[in-house]
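Asker: missing the sequence, but the structure's below:
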């Protein structure tokens, strides 16, 4: 090849290159589905309940949200499922509400010597109690 010879690339070569590159990138993209499901979004009421749980209600002082983690009171991990089956004829929401308003009404086995603060309901508004109950129903 002498120095005056130029390399001729057919005019369609660039289009073919771009098309092949696009196919290659598309096939390497993997699944469009996320590997980990997104965290569910809490409603405004549930978000407010979480704030009360962690703040004014001081619930997180004694109750863990992790399975088998005991602080003072029982773990509330999976409480919505447990609460719905604790008292026959009572929904999870009713059980949770009663447990906050009358803490000694239902004592979890193994926690007979642990007394939840009986004044908790008087320190919270009815709206705050409803918010905490709504939040607790999201705990898996």
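Answerer: Nice, I can see it. Predicted model only: the values in this text are computed from it and were never measured. Numbers count the residues shown, from 1 in each chain.

Asker: just how off-centre is stretch 77-94 within its chain?
Answerer: 19 Å (CA atoms, centre = their mean, to the nearest Å).

Asker: what does stretch 106-116 give?
Answerer: Per CA atoms, centre = their mean, the centroid offset for stretch 106-116 relative to its chain is 27 Å.

Asker: please identify the buried residues of that stretch?
Answerer: residue 116 (16 or more other CB atoms under 10 Å). All C-beta atoms are positioned from the backbone trio N, CA, C, and that covers glycine.

Asker: ends of it, what's the gap?
Answerer: 11 Å (CA to CA, to the nearest Å).

Asker: now it: mean pLDDT?
Answerer: Mean per-residue pLDDT for stretch 106-116: 87.

Asker: what helix or strand is residue 41 located in?
Answerer: Residue 41 belongs to no helix or strand when assigned by DSSP states H and E.

Asker: can you tell me how far it sits from residue 129?
Answerer: 22 Å (CB to CB, to the nearest Å).

Asker: and the two? which has more neighbours close in?
Answerer: residue 129 (19 against 7; other CB atoms under 10 Å).

Asker: does the spatially closest residue to that one that is not a sequence neighbour lie in a helix or a strand, and which?
Answerer: Spatially, and ignoring its direct neighbours in sequence, residue 129 is nearest to residue 100 (5.5 Å; CB to CB, 6 or more residues apart in numbering). Per DSSP H and E: residue 100 is located in helix 92-101.

Asker: now do that helix: everything it contacts.
Answerer: 79-81, 83-84, 86-87, 90, 105-106, 116, 120-121, 124, 129-130, 132-133, 136-137 (CB atoms under 8 Å, 6 or more residues apart in numbering).

Asker: could you redo the last one with a cut-off of 6 Å?
Answerer: 80, 83-84, 86-87, 105-106, 121, 129, 133, 136 (CB atoms under 6 Å, 6 or more residues apart in numbering).
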